[in-house]
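Chemist: The following comprises the amino acid sequence and a computationally predicted model.
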Amino acid sequence: MAEFLFEIFCEEIPARMQVRAGADLSKALTDGLKKAGLTVENEHCYTGPRRLVFTADIPLRSPDISEERKGPRVGSPEQALAGFMRGAGLSDISEAQIRTDPKKGEYYVAVIEKSGEDSAAIIAGLIPDIMNNFPWPKSMKSGRSNFRWVRPLQSMICLLGGKTIEFEVGGITSGNTTEGHRRHGKGPFSIEHFDDYKKTLEGKGKVILSAETRKELIIEQARQACSAKGLELVEDEGLLNEVAGLAEWPVVILGDMDPSFLELPGEVIRLSMRTHQKYFAVRDPKTGELAPNFVVVANQDAPDGGVEIAKGNSKVLSARLADAQFFQSEDAKKKLIEYYDKLDTVVFHKKLGSIRDKAERVAALARELAPKVGADADAAEQAAKLAKCDLVTQTVVEFTSLQGQIGAQMYRRESGDADIATAIEQHYKPQGPSDAVPTNPVTVAVALADKLDTLVGFWAIDEKPTGSKDPFALRRAALGVVRIILENEKPIDLHEILGGHFMYPMKISSGSLADGGGYGFGGQIDFLIELGLIMSGGGYGGPENEKEGFFKSAIVPEYVDSLLTFILDRLKVYLRDKGVRHDIIESVLGSGEDDLVAIVNRVTALQSFLGTSEGENLLAGYKRAANILKAEAKKGDLPSGDIDTLSQTEALALQQSLSKAKPAIETALAEESYSTAMTALSELRGPIDAFFDNVMVVAEDKIERENNLRLLGLIRDTARQIADFDRING
């Protein structure tokens with residue numbers, strides 16, 4: 001095995017792209033080398049602000065390969081033989097070997113011998129292809145080349161066993177030299193192997209190669225700097241990951257800020273530090289409150305120990321926080337509800353109206369959902385109306401990620417209702433698979449209403465996700481609905497909610513909806529009112545030549561089934577991530593259930609049941625019954641009607657067991673006691689096994705055969721009360 005070292009050196013790579021780029025490079029190289037027949041061992045990838053590095057142990061040459069390709073039978077038509085020879089690279093059929101199979105007779109086999117290839121040649125062909133097709137989220141051209149990279153490419157190292165492998169990418173030829181830190185150890189440096197490379201960079205080059213090592217250094221230095229002043233670092237894993245991607249030679253500096261800024265909400269201070277300046281916040285361990293300090297990570301050893309760097313960063317932070325102070329003082333001149341009318345100036349979507357239109361819809365739906373989730377209806381409606389108001393405050397316009405938080409703070413100063421304040425702050429949650437789900441009942445009502453309104457609205461205007469494109473984050477909204485319902489265990493009839501009560505407020509002109517400046521579908525208003533798709537009225541006011549109205553729920557039903565399927569698809573993803581078998585999920589969804597809590601409870605009980613010997617054997621019995629019915633159905637119509645007198649003991653015993661189990665399962669399902677339903681189903685195992693062991697199902701006697709088939713149909717129908725067992729593998 002020989003050491004393979006590859007470095008891509010370029011201008012600064014955005015920190016957020018580095019880890020993914022390293023993983024993509026490592027996978028592409030490893031997969032490509034293995035596909036070429038090379039063994040890849042001890043592979044490692046390193047990422048930094050200006051470089052991606054891959055190293056591994058590989059053989060110097062790929063192995064010789066002997067491959068056999070089976071061909072047609074001896075005596076096959078000329079056309080079949082010609083195709084076989086073409087695919088196998090044979091010039092004449094005599095070059096193939098003849099093998100004999102006891103059942104199929106003689107057939108041709110082509111033995112293809114492939115010589116190995118030098119690894120250097122494989123790498124020289126592989127790397128340009130990988131780099132020319134690298135999946136950067138954003139890339140750019142530089143110079144006269146059409147080659148695209150995240151930032152201008154500077155150089156490449158490519159060594160195998162200490163020898164340089166030459167190739168060209170984007171006008172740059174690979175070699176054995178690299179550069180270090182821009183100020184402290186620029187170089188260039190000639191490299192012979194990885195140990196030499198690492199030692200040189202981290203010594204003369206002043207570059208810490210490993211991102212993990214840089215993170216450890218940053219956090220250790222930051223804690224020490226804070227501890228020396230009696231302070232405590234506010235640790236932030238996301239920020240740590242980012243600054244480790246900004247500094248090749250990280251040096252931590254503790255800075256000061258004006259204590260008067262501590263009057264600002266902590267969220268504003270931390271956001272200004274974190275998002276705009278990449279600073280860590282610092283707190284007083286005695287009080288737990290933020291301290292008038294910050295931690296900045298420089299990319300150099302400053303001659304004065306970082307004094308001037310700290311002063312400069314303090315000035316920048318002060319300017320940012322002074323703006324925040326002004327915005328907050330201006331926002332506080334009004335109550336939160338006074339911003340409600342201003343929401344009409346912000347368009348949610350041109351076909352769905354303004355943010356205020358959305359807020360009104362969400363408030364109505366939150367009121368409807370409130371009793372279903374154990375919330376106070378008045379509180380849910382009020383919270384929904386206030387939830388978006390901070391979007392038009394100056395603070396949120398400047399610090400957009402504080403939406404919800406600023407509104408909650410404003411409301412807490414005005415009122416003591418903690419439930420409404422919590423709903424304002426958390427109604428956007430969950431915003432991703434790892435985000436926490438709200439549990440406060442009022443928040444649950446508002447969060448569900450907000451997400452369901454978004455989904456129904458975009459479905460109604462036919463703006464559904466397509467392929468990988470989801471510009472309105474509808475998959476995230478649907479997953480949010482799934483998680484809120486399941487993790488709070490709130491049984492909700494989604495079909496009723498989606499299709500029963502939605503109305504979409506919108507202004508509509510007396511001309512066509514498409515041309516008259518209104519929102520929604522094209523067509524004449526009077527015609528739509530006549531169809532019942534629009535209900536006039538609504539009290540928006542406006543020019544005399546405008547009529548006003550709502551989309552009535554009649555417009556929605558054609559979209560309900562499609563939207564419900566979309567939400568259930570998110571449920572499938574959620575359950576698969578929890579380790580639930582996909583076939584069991586499909587079998588339960590096939591029953592037509594749309595109560596997510598009931599679906600999950602049924603899926604959980606069924607997976608547990610099928611993991612037992614009773615479940616496995618019962619599934620085998622069901623499959624046997626279903627297969628016989630399918631085979632008989634191909635011969636003609638299956639017998640219908642009631643089962644006549646059964647002559648065999650085992651058949652009679654099975655009928656009696658089914659007659660007992662069917663109503664027991666129905667009762668258990670009605671009570672959503674799925675473990676009880678599984679117990680009732682499990683009691684059929686013995687009678688079904690005995691029936692198949694002792695009864696000739698497809699008997700010669702017509703009456704006996706038809707009764708047996710009716711009995712099999714009863715087995716199938718009884719099991720299908722719980723799930724569609726045809727969809728379960730086994």
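Modeler: Alright, I've got the coordinates.
Chemist: Every contact and neighbour count from this point should use C-alpha atoms.
Modeler: Will do.
Chemist: contacting residues around stretch 655-662?
Modeler: Contacting residues not belonging to stretch 655-662 are listed as Ala680, Leu681, Glu683, Leu684, Pro687, Leu711, Leu714, Ile715, Thr718 [CA atoms under 8 Å, 6 or more residues apart in numbering].
Chemist: pretty sure Glu68 is in contact with Tyr108, am I right?
Modeler: No. Here Glu68 does not reach Tyr108: they are 10.3 Å apart, not a contact under CA atoms under 8 Å.
Chemist: Between the two, point out the one with more neighbours.
Modeler: Per other CA atoms under 10 Å, whichever of Glu68 and Tyr108 has more neighbours is Tyr108, with 23 against 13.
Chemist: Which strand residues bridge that one?
Modeler: Ile98 (DSSP bridges).
Chemist: so where's this protein uncertain?
Modeler: 500-558, 591-592, 730 (pLDDT under 70).
Chemist: residues in contact with Ala332?
Modeler: Ala332 neighbours (CA under 8 Å, 6+ apart): Met410.
Chemist: sorry, back to before: just the contacts of stretch 655-662 now: which is nearest Pro59?
Modeler: Taking CA to CA as the measure, Pro59 lies nearest Leu681 of the contacts of stretch 655-662, at 58.6 Å.
Chemist: start to end distance for stretch 96-115?
Modeler: 19 Å (CA to CA, to the nearest Å).
Chemist: SS state for Ser66?
Modeler: strand (DSSP: H, G, I helix; E, B strand; the rest coil).
Chemist: Show the contacting residues for it.
Modeler: Val111, Ile112, Glu113, Lys114.
Chemist: re earlier: could you single out the nearest of the contacts of stretch 655-662 to Gly22?
Modeler: Closest to Gly22, out of all of those and judged by CA to CA, is Leu681, at 52.1 Å.
Chemist: For the closest one, give me its contacts.
Modeler: Leu681 neighbours (CA under 8 Å, 6+ apart): Ala661, Ile665, Ala719.
Chemist: that's a helix at the last one, yeah?
Modeler: Looking back up the chat, that one is Ala719. Yes. Counting by three-state DSSP, Ala719 is found in a helix.
Chemist: can you tell me how far it sits from Leu684?
Modeler: Ala719 is 10 Å from Leu684, by CA to CA.
Chemist: cool, and Pro471?
Modeler: 51 Å.
Chemist: the more surrounded of those two?
Modeler: Between Pro471 and Leu684, counted using other CA under 10 Å, the more crowded position is Leu684 (21 against 11).
Chemist: With Asn729 as the reference, measure out to the more buried one.
Modeler: Relative to Asn729, and taking CA to CA, Leu684 is found at 20 Å.
Chemist: elements contacting the one helix or strand Val297 maps to?
Modeler: Using DSSP states H and E, Val297 falls within strand 290-298. Counting contacts by 3 or more CA pairs under 8 Å, 6 or more residues apart in numbering; DSSP states H and E, strand 290-298 is packed against strand 251-256, strand 280-283.
Chemist: From the chain's centroid, how far away is the longest one?
Modeler: Which is strand 251-256. 37 Å (CA atoms, centre = their mean, to the nearest Å).
Chemist: List the pairing partners of it within its sheet, with orientation.
Modeler: Those paired with strand 251-256 in the sheet (DSSP bridges) are strand 290-298 (antiparallel).
Chemist: ok, now the shortest one?
Modeler: Strand 280-283 has the following sheet partners, assigned by DSSP bridges: strand 232-233 (antiparallel), strand 290-298 (antiparallel).
Chemist: would you turn the contacts of Leu681 into a markdown table with distance to Val698 and neighbour count?
Modeler: Below are the contacts of Leu681 laid out as a markdown table (distance: CA to CA, whole Å; neighbours: other CA atoms under 10 Å):
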| residue | distance to Val698 | neighbour count |
| --- | --- | --- |
| Ala661 | 25 | 21 |
| Ile665 | 28 | 23 |
| Ala719 | 21 | 23 |
